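Visitor: For reference, the sequence and a predicted model appear below.
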Amino acid sequence: MALDPDEYTADELGEELETLDDVDELQTVLEAEQAGRDRKTAREAIHRRLEELGETGGDGVEEGTETEGEYEETKEEVGDEAEGEEVDEIDEDAEDADGDDESATEDDGDGDESGGEEEDDDLSHPTRDKKHVRALEDGEYADMWVFCETQQGELLEVSREMLGKARELMDQFEEDYGVSASEASGGSEDVPSSGDEERVVAFLMGDDCENLAEECVAYGADVAVYHDDDRLERFLHEPYTEIAAHMARGEGTTESTDWREYDEPRYILFPATNNGRDFSAKVQAELDSGLASDCSDLYIENEEVSNPVKTGEPGVKKTFEKVLHMKRPDFSGFEYSTILCLDNPGRDFHPQGASIIPGSFDPIEPNYDREGLVIEHDMELEEEWFRVEITDSDRLEAGIDLAGHDVIVCLGRGIADDPTRGMELGLELVDAFDDAELGITRGIVTSAYQFEGHVEEYSKEERQIGETGQVVAPGIYIAAGVSGAVQHKVGMDESDTVVAINTDPDARIRDFSDYYIEGDLFEILPRLTEAVESGETRLEAVADGSGGEDR
């Protein structure tokens with residue numbers, strides 16, 4: 001063999017391939033690469049050379065790699081052909097994690113380009129001709145965007161919380177990276193965004209929402225982009241997604257886009273609400289990037305990695321700058337995972353996206369004199385996006401909002417011996433505090449406990465705390481008779497101080513409690529209530545003498 005690919009780095013191999021004009025020899029080099037180091041970047045270089053020589057091997061792309069690192073059609077260029085096809089490609093990150101397995105190739109490795117075409121038609125490769133809308137090539141990204149969800153004409157509290165965190169992150173971004181971000185006291189309409197300026201951009205949509213856009217500026221945004229349409233009063237999947245993607249790409253009239261000079265946002269935050277979880281996944285898929293869901297902390301740092309999928313070469317380290325580190329509880333519930341959204345060689349994954357658990361951050365104090373840009377977004381909305389029409393609705397009574405209280409008292413299956421009495425004791429402790437509320441675990445919601453009428457309303461799902469219930473972050477969280485299942489931990493893990501009462505010394509909740517009282521809640525809760533009412537709130541004093549221990 002005239003050329004042994006193992007003797008070259010991928011870059012050096014690309015240069016050597018330019019000297020080869022024999023298709024059979026190139027096929028031999030490809031077989032040798034696949035049998036040896038099997039580098040994706042090297043295989044792509046060989047396929048590109050084959051394509052240059054007019055030997056495309058079907059469509060000139062190794063299946064599974066497509067045209068990684070090369071420009072593909074945007075949705076506008078593909079047009080109607082792109083509809084419903086963005087999902088064909090296997091998740092690259094998942095594929096990379098499995099060792100970059102690409103066993104299916106467009107050629108059979110024997111140099112016979114035509115062999116197998118008849119066999120493949122509509123059978124083994126039915127999706128070969130479909131197109132995948134890729135991210136931009138060499139795109140420019142800037143700013144942190146925050147989706148500000150609204151309900152009944154008001155900003156949700158989580159929207160204010162995310163704006164506060166975004167403001168903190170981008171102020172620190174300015175210090176760390178020496179950019180000229182807009183000052184927290186306000187931006188200027190006379191200064192459009194340039195390459196180094198990084199700002200907080202709120203985006204929202206709804207009916208008569210300009211005033212809410214102005215409120216976003218008061219809560220920390222430098223720019224607020226809104227789309228106003230009376231049909232957007234309630235969340236609708238398709239129009240909300242289309243509008244958000246249109247905004248993020250900077251599409252629209254000059255008047256609505258001349259404040260920015262980049263292709264897509266660098267970062268984007270969504271609320272981890274029912275609508276926000278749905279919306280975030282759809283928008284990030286439309287923008288051809290990834291999403292870290294249900295995050296409770298964020299920070300921005302450089303990150304050095306050696307994964308060859310990300311660096312392009314084994315044994316090489318690469319530093320990625322300005323990476324959003326997105327922390328979320330892992331599946332065990334006892335540790336946190338940090339999610340990174342890093343580019344592949346020649347392939348951008350932007351915006352770096354995260355959905356945020358409500359209650360994770362504190363909003364900043366609003367400054368209604370703060371200056372900022374408020375931009376009305378311009379876009380024609382297609383009628384087919386509104387195929388679903390709400391013709392009538394009833395407004396339910398306001399549910400129970402457990403977020404924002406200083407103290408949460410949560411009851412679990414430990415009340416089983418006397419459910420009604422256990423509920424009463426929990427409510428008595430709630431009443432002893434100035435700002436407290438009662439929560440329950442899913443175990444109570446799904447149980448067959450019989451509650452007397454005066455406390456039955458407190459056993460409903462609206463008070464459930466956990467992964468499928470509400471997420472709270474009070475100053476004090478008192479868990480009585482709660483075992484500490486992973487699903488429940490997700491809902492209260494951001495509490496400042498956790499006090500647990502349980503008869504089981506090995507209950508899982510002990511591992512993440514600040515104070516653990518081993519004892520019967522029917523005995524401990526009355527004593528704790530008495531201590532609070534008398535002003536003796538030292539938890540150590542409550543624990544001492546109860547037959548248990550504190551930690």
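Guide: Noted; the coordinates are in hand. Quick caveat, the model's predicted, so the values are computed rather than measured.
Visitor: where in the stretch 301-450 of the chain is pLDDT low?
Guide: Flagging of the stretch 301-450 of the chain using pLDDT under 70 yields the residue ranges 331-334, 394-398.
Visitor: which residues touch Val323?
Guide: 300-303, 340-342, 352 (C-beta atoms under 8 Å, 6 or more residues apart in numbering). From N, CA and C alone the C-beta is placed, and that goes for glycine too.
Visitor: change it to 10 Å
Guide: 267, 299-303, 305, 340-343, 352 (C-beta atoms under 10 Å, 6 or more residues apart in numbering).
Visitor: Any chance of a PyMOL selection covering the buried ones in these?
Guide: Selection of buried members from these for PyMOL, criterion 16 or more other C-beta atoms under 10 Å:
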select buried, resi 267+300+303+305+340+341+342+343+352
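Visitor: Save the contacts of Val323 as JSON lines, and put in secondary structure and distance to Glu376 too.
Guide: Formatted as JSON lines, the contacts of Val323 follow (DSSP: H, G, I helix; E, B strand; the rest coil; distance: C-beta to C-beta, whole Å):
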{"residue": "Tyr267", "secondary structure": "strand", "distance to Glu376": "23"}
{"residue": "Tyr299", "secondary structure": "strand", "distance to Glu376": "33"}
{"residue": "Ile300", "secondary structure": "strand", "distance to Glu376": "30"}
{"residue": "Glu301", "secondary structure": "strand", "distance to Glu376": "36"}
{"residue": "Asn302", "secondary structure": "strand", "distance to Glu376": "37"}
{"residue": "Glu303", "secondary structure": "strand", "distance to Glu376": "37"}
{"residue": "Val305", "secondary structure": "strand", "distance to Glu376": "41"}
{"residue": "Leu340", "secondary structure": "coil", "distance to Glu376": "35"}
{"residue": "Cys341", "secondary structure": "coil", "distance to Glu376": "30"}
{"residue": "Leu342", "secondary structure": "coil", "distance to Glu376": "35"}
{"residue": "Asp343", "secondary structure": "coil", "distance to Glu376": "33"}
{"residue": "Gln352", "secondary structure": "strand", "distance to Glu376": "27"}
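Visitor: now, which of the contacts of Val323 sits nearest Glu149?
Guide: Set against Glu149, the nearest of those by C-beta to C-beta is Tyr267 (17.3 Å).
Visitor: Could you double-check that that closest one lies in contact with Lys322?
Guide: Yes: counting by C-beta atoms under 10 Å, Tyr267 touches Lys322, with 8.8 Å between them.
Visitor: what do these two both touch?
Guide: Joint contacts of Tyr267 and Lys322 (C-beta under 10 Å, 6+ apart) are 141-142, 173, 198, 300, 352.
Visitor: which is the next helix or strand following the helix or strand hosting Asp11?
Guide: Per DSSP states H and E, Asp11 falls inside helix 10-17. Per DSSP H and E, the first helix or strand lying C-terminal to helix 10-17 is helix 23-35.
Visitor: Next, the angle from that next one to helix 10-17.
Guide: Here the directions of helix 23-35 and helix 10-17 differ by 160 degrees (axes from the mean of the first three to the mean of the last three C-alpha atoms, to 10 degrees).
Visitor: Between helix 23-35 and the helix or strand that helix 23-35 is followed by, find me the angle.
Guide: Next along the chain after helix 23-35, taking DSSP H and E as the criterion, comes helix 40-52. Interaxial angle of helix 40-52 relative to helix 23-35 (the same axes, to 10 degrees): 160 degrees.
Visitor: what's around the nearest residue to Gly404 once chain neighbours are set aside, how many residues?
Guide: Residue nearest to Gly404 in three dimensions, not counting chain neighbours: Glu157, with 7.2 Å by C-beta to C-beta, 6 or more residues apart in numbering. Neighbour count for Glu157, taken as other C-beta atoms under 10 Å: 16.
Visitor: ok, which stretches of the stretch 451-551 of the chain are strands?
Guide: Shown for the stretch 451-551 of the chain, the strands assigned by DSSP state E, counting those that start in this stretch span residues 476-480, 497-502, 515-518.
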